[in-house]
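1. can't give you the sequence, but here's the structure:
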């Protein structure tokens, strides 16, 4: 009598056995959640996938994860989770969220093997999180001083909210996290600083400005033709007869200007922990200014956004600073699926580049950055072939890049303004620079430090 043949698939291995025999003998054992998968999720996923965070489900426990195995298999298999959009080798960026190949294989083998729980005694300890905060418990939490009313419909101009710090001594920021009060209506936040307003000095006490050799050159020189248009944030004011009168709920930019920045929030990215020995300086008496970009959701809402700060225990060796490389002169033709926009700056002192944050709106599709050195050599600083508006990453170097004086940093972004872009608000219209999401930006935030001057001072 012919025996019946049974076929089983375990971890991708096909096992053929005579009917009535067990496939367990000599068969590979599927990974289990407790022993094999939980350590990967704890390391790579649960900072977002846990209660109180913005991910759609928790992955802290087997009971949490098991109902989502089909989604996990798809997103891990196609590389869209954990989200990461640079194609440069793993290890270049400190915050690279990609799974190692063996981690990806383990998760997929677990699912294909039936997603067993395994022995709960094999579970490692769950990561310890501070409720509500990715960075841990802040030393101080500073919040907007009102619940701002966001209307149900319409376009909301950028709003500005002053938040006093009342610090009587300088502080060094080791980490920050911006937490929107209402994620549904907050598109982005930039937290600026405004210096204390000194009492006017009598004319006789005025200090003459340095001239000639005593004046340091500007840190950066920007290419021509990249100015932000009048009437947009960062650009000149419109003529008085073209300005829109402020409404009762408008909170305009404070008079006297903004003097620096502390941090910000964009979709998928609202915190930063700086490397030990480096920090960002916050001067005594400075006021924080929250620049808020709100979007309406069809019903009235309110928001009160906060920032949490952790301070360095002692002054750092390296002071971190920030600058922006942007092309406010961008123009993207209607229907164009691959419009290219460039921006360039020249570095006038030796600096160290710590991170790059690309930002466009919903038509942005790809970014590329390169350093063009004074001797003609070029080097790729960052390549992002699949930019995602919903996950705007600040790419932080594991080994910060030394950028010598005379180097040009060249940025290129590509946009899809065609009907093929499902996120496109209107492919029939040309697009220019603008604050609102239905307009566009070509904006890059750069975190850097100034290298110490040579002992002789030559070239400074």
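-> Looks like it arrived, so ask away. Since the structure is predicted, the reported quantities are computational estimates derived from the model, not experimental observations.

2. Name the nearest residue to residue 68, ignoring sequence neighbours.
-> residue 57 (5.7 Å; C-beta to C-beta, 6 or more residues apart in numbering). Bear in mind the C-beta positions are built from the backbone N, C-alpha and C, glycine included.

3. quick one: contacts for that neighbour?
-> 49, 64, 68 (C-beta atoms under 8 Å, 6 or more residues apart in numbering).

4. distance of residue 44 from residue 323?
-> Note on residue 44: its distance to residue 323, by C-beta to C-beta, to the nearest Å, is 31 Å.

5. Repeat that for residue 273.
-> Counting by C-beta to C-beta, the gap from residue 273 to residue 323 is 21 Å.

6. Same check on residue 269?
-> Separation of residue 269 from residue 323 (C-beta to C-beta): 18 Å.

7. Same question for residue 401.
-> Applying C-beta to C-beta, the value for residue 401 to residue 323 is 14 Å.

8. More neighbours: the two, which one.
-> Neighbour tally, residue 401 and residue 323, criterion other C-beta atoms under 10 Å: the higher count belongs to residue 401, 18 against 15.

9. now for the helix or strand that contains that one, which elements pack on it?
-> If you go by DSSP states H and E, residue 401 is part of strand 395-403. Contacts defined by 3 or more C-beta pairs under 8 Å, 6 or more residues apart in numbering; DSSP states H and E place strand 395-403 against strand 351-359, strand 378-384, strand 443-450.

10. gap between the last one and the chain center?
-> Between the centre of strand 443-450 and the centre of its chain there are 13 Å (C-alpha atoms, centre = their mean, to the nearest Å).

11. quick one: it to strand 351-359, angle?
-> Here strand 443-450 runs at an angle of 160 degrees relative to strand 351-359 (axes from the mean of the first three to the mean of the last three C-alpha atoms, to 10 degrees).

12. For strand 443-450, enumerate the helices and strands it packs against.
-> Applying 3+ C-beta pairs under 8 Å, 6+ apart, one finds that strand 443-450 contacts strand 318-319, strand 321-326, strand 351-359, strand 395-403.

13. redo that, cut-off 6 Å
-> When contacts are defined as 3 or more C-beta pairs under 6 Å, 6 or more residues apart in numbering; DSSP states H and E, strand 443-450 sits against strand 321-326, strand 351-359.

14. How about the second one?
-> Contacting strand 378-384 under the criterion 3+ C-beta pairs under 6 Å, 6+ apart are the following elements: strand 364-372.

15. if we look at the strand it packs on, which residues are touching it?
-> Defining contact as C-beta atoms under 6 Å, 6 or more residues apart in numbering, one finds that strand 364-372 is touched by 358, 378-385, 387, 407-416.

16. cool, stretch 174-187 as well?
-> 133-135, 150, 189, 263, 265, 270-271, 273-274, 279, 293-295, 297, 301, 303-310, 312.

17. residue ranges for the helices of this protein, please.
-> Under the criterion DSSP state H, helices of the chain are mapped to 38-44, 62-65, 69-77, 101-112.

18. Other residues contacting the shortest one?
-> In other words, helix 62-65. 33, 58, 59, 117.

19. Can you pick out the most distant pair from the residues you listed?
-> 58 and 117 (15.9 Å; C-beta to C-beta).

20. what stretches of the protein score poorly on pLDDT?
-> Along the chain, the model assigns pLDDT under 70 to residues 1-28, 197-217, 455-460.
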